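**Q** task: produce atomic coordinates for the following.
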Amino acid sequence: MEPVFGQIKGARRLDRFRLRGLVKVNGEWALMATNHNLLKLFMASVATG
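**A** Predicted coordinates:
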């Protein structure tokens, strides 16, 4: 699980949240996690042809 946090922090430049408030931060994190997962799926589909 830790490599995911490192990739999101490093490659996606999420070293701090841009929004304030728990609801907004949760939404921002959900967006980043979804983006990370979609990119992984996309790269896997490209790699398999």
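**Q** point out where the protein drops to low pLDDT.
**A** Segments of the chain classed as low confidence (criterion: pLDDT under 70) are 1.
**Q** for it, which segments count as helices?
**A** In the chain, the helices defined using DSSP state H lie at 2-10, 22-48.
**Q** need these in JSON lines (columns: mean neighbour count and distance to Arg16).
**A** All C-beta spots, glycine's among them, are computed from the backbone N, C-alpha and C. Supplementary listing: these in JSON lines, determined by neighbours: other CB atoms under 10 Å; distance: least, CB to CB, whole Å:
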{"stretch": "helix 2-10", "mean neighbour count": "11", "distance to Arg16": "9"}
{"stretch": "helix 22-48", "mean neighbour count": "11", "distance to Arg16": "10"}
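**Q** can you give me the neighbour number for Arg16?
**A** Other residues near Arg16 number 6, with proximity taken as other CB atoms under 10 Å.
**Q** need phi/psi at it.
**A** The phi/psi pair for Arg16 (degrees, to the nearest 10) reads phi -150, psi 160.
**Q** contacts only, for it.
**A** Neighbouring residues of Arg16 by CB atoms under 8 Å, 6 or more residues apart in numbering: there are none.
**Q** cool, and Glu28?
**A** With contacts taken as CB under 8 Å, 6+ apart, Glu28 has the following neighbours: Phe17, Arg18, Leu19.
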